[in-house]
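> Model the following, please.
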Amino acid sequence: MTRRSWLAPGSLGRTVAVALMGAHLVLAVGGCVSVKTGAPRPGAGTGGGVAVEVYASDTARRAGSVGPHGVLGELERREGRVWRPVFRSLNPSWAVVGLPPGTYRVRVPARLTEDGHVQRLTRPAERTFRVQEGMITDVRVTLSHVPPALVAAGVVTVVAAAVLLAKYLDEHDLPRPPLPPPELVELAFYVSLDLAQLAAWQEVRDRQPPLVTSHFPAARAVVAARRPRVLFAFSEPLAPRSLRADAVAVLGESSGLIPGVVSLDLERWWVTWVPAGDLPAGDTFHVTLNAEAVRDLAGNAPVEPTSFSFRTAP
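The predicted structure is shown next:
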């Protein structure tokens, strides 16, 4: 199985802008989540594709303003009577291409609270559709209500995943992947999967490293919660026994190394870190995921560490 991940040119600025706008959204209370699909459109490359966008409201959707971050989106493929997970993200826009034709569904089962805990939706929304060869299916998720605190906290796209992969390709004299199709350049995160054999995650021949697709809190976020969970979301399942106690390090500029406990959320492909006590107020914390402290089901580790920083409110 091969995987390629990169950011479209200029998408970093757009991602930051979306995050800033999302922090000031005021959303109405009530209603439910809806998931709708558009007519398939031509794509580029082999296989089919799915492009997902999350909107806070119908007004935001009409304006083309994606967000907020922190809503769990899942792409699954139907295999007989079983739905097999293909991709998960906390980002408000993402795309997966290189998919073999078949029956798929996009689900929205949960979102994150401001302190990083999972809040399951009362009525998880989903949409089932067919993926066709050479065609991309657009999926629009509209939220009629998300707590303002969630919007303010947010979950940012981890551009480091794309940057690190590009660096890896350069160092090993490997060709860069082609730019994403023009119709996908506005997406914050774009990943291509070779899923001709979806069972490859279970087999030794999978030699591709797992990628971090998103994290919580957002980079440079100001967090009001006194004991927030730190979360790293991955592009594929992780080995249950691969996690080491030193997988996540959190260093406060004033308070020093912060003790905490790491764990795996096997269902969602997350690595989480929970502080042993309340974090000191008004301090800046630097978070690093140790690339050697977690592995996928085939024993592959991430290419390099992933790091970001956040602050606690005074």
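
> going forward, measure contacts and count neighbours with C-alpha atoms only.
Noted.

> quick one: contacts for residue 58?
Residues counted as contacts of residue 58 (Cα atoms under 8 Å, 6 or more residues apart in numbering) are 142, 144.

> ugh, wrong one, I meant residue 282
Residue 282 makes contact with 311-314, according to Cα under 8 Å, 6+ apart.

> same thing but 10 Å
222-224, 254, 311-314 (Cα atoms under 10 Å, 6 or more residues apart in numbering).

> What distance do you get for residue 60 to residue 53?
11 Å (Cα to Cα, to the nearest Å).

> Looking at those two, which one has more neighbours?
For residue 60 versus residue 53, the count of surrounding residues by other Cα atoms under 10 Å is larger for residue 53: 23 against 16.

> In which helix or strand does the more buried one reside?
Here residue 53, judged by DSSP states H and E, is contained in strand 48-55.

> could you dump that strand to CSV, C-alpha only?
The C-alpha trace of strand 48-55 is given here as CSV (Å, rounded to 0.1, in the frame of the first residue of the first chain):
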residue,chain,number,x,y,z
GLY,A,48,-12.1,7.1,-7.5
GLY,A,49,-12.1,9.7,-4.9
VAL,A,50,-14.1,11.3,-2.1
ALA,A,51,-13.8,15.0,-1.1
VAL,A,52,-15.4,16.0,2.3
GLU,A,53,-16.2,19.5,3.5
VAL,A,54,-17.7,20.4,6.9
TYR,A,55,-19.8,23.6,7.4
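
> Next SSE downstream of that strand?
Once strand 48-55 ends, the next helix or strand along the chain (criterion: DSSP H and E) is helix 58-63.

> in the helix or strand that that following helix is followed by, what's buried?
Using DSSP H and E, the helix or strand that follows helix 58-63 towards the C-terminus is strand 71-79. Buried residues in strand 71-79, counting neighbours by 16 or more other Cα atoms under 10 Å, are found at 71-77.

> if we can go back for a sec, mind listing the shared neighbours of residue 60 and residue 53?
Residues within reach of residue 60 and of residue 53 at once, by Cα under 10 Å, 6+ apart, are 66-67, 142.

> Give the ChimeraX command for selecting the buried subset of the contacts of residue 282.
Provided next is the ChimeraX selection string for whichever of the contacts of residue 282 are buried by 16+ other Cα under 10 Å:
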select :222,223,224,311,312,313
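
> Can you name the two of the contacts of residue 282 that sit furthest apart?
224 and 254 (17.6 Å; Cα to Cα).
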